[in-house]
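K.L.:
Based on what follows, work out the 3D shape:
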Amino acid sequence: MTPQNGQAHQPVTDPHEHTAAFGRAFNSGDLEAVLASQAEGAVFVQEPGKPLSGDDARQAVKDFLALGLPMRIEDRHVYVSDDIALVIADWVVEGTAADGSRLRLAGTSTDVIRRGPDARWRSVIDNPNGTA
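P.N.:
Take a look at the predicted model:
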């Protein structure tokens with residue numbers, strides 16, 4: 001997989017690095033790089049109470065990337081228990097939208113990540129509006 005910026009994005013072996021790696025993948029604009037940060041069967045909660053998986057989740061992530069705006073994201077807390085971690089992170093996507101208007105989306109995510117058999121951490125639940 002080769003993102004637009006020419007750097008390969010791989011899932012990480014340290015759960016405290018997952019958010020930064022996700023941010024780099026998102027900012028590359030490469031859908032496959034973002035999806036590589038997710039475990040098979042992962043759930044993306046596009047809006048509160050509406051979890052998506054499979055092709056629906058893929059399309060929602062693709063639509064989010066299509067905004068073409070960078071994301072700033074930073075961990076607030078990472079809680080690890082064996083092969084599962086809860087990551088709480090603050091994020092902002094802002095800039096000038098394709099129609100010329102200013103756009104600002106922000107939230108605090110609550111994400112569940114899991115260490116796989118390859119020792120890499122991937123998202124199993126990506127909930128960008130996790131406090132809503």
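
K.L.:
in the protein, which spans are strands?
P.N.:
38-47, 50-53, 71-81, 84-96, 102-115, 121-126 (DSSP state E).

K.L.:
of the ones you listed, which approaches Asp14 most closely?
P.N.:
strand 121-126 (7.4 Å; Cβ to Cβ). Yep, even glycine has a C-beta here, placed from its N, CA and C like the rest.

K.L.:
tell me what that closest one is packed against?
P.N.:
helix 18-28, strand 38-47, strand 102-115 (3 or more Cβ pairs under 8 Å, 6 or more residues apart in numbering; DSSP states H and E).

K.L.:
The second one versus strand 102-115: what angle between them?
P.N.:
Translated: strand 38-47. Angle, strand 38-47 to strand 102-115, by axes from the mean of the first three to the mean of the last three Cα atoms, to 10 degrees: 140 degrees.

K.L.:
one step back: would JSON lines of the strands of the chain with distance to Glu17, mean neighbour count and mean pLDDT be doable?
P.N.:
Shown next, in JSON lines, are these (distance: least, Cβ to Cβ, whole Å; neighbours: other Cβ atoms under 10 Å; pLDDT from 0 to 100):
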{"stretch": "strand 38-47", "distance to Glu17": "16", "mean neighbour count": "17", "mean pLDDT": "94"}
{"stretch": "strand 50-53", "distance to Glu17": "25", "mean neighbour count": "14", "mean pLDDT": "95"}
{"stretch": "strand 71-81", "distance to Glu17": "9", "mean neighbour count": "14", "mean pLDDT": "98"}
{"stretch": "strand 84-96", "distance to Glu17": "11", "mean neighbour count": "17", "mean pLDDT": "97"}
{"stretch": "strand 102-115", "distance to Glu17": "11", "mean neighbour count": "17", "mean pLDDT": "96"}
{"stretch": "strand 121-126", "distance to Glu17": "8", "mean neighbour count": "22", "mean pLDDT": "97"}
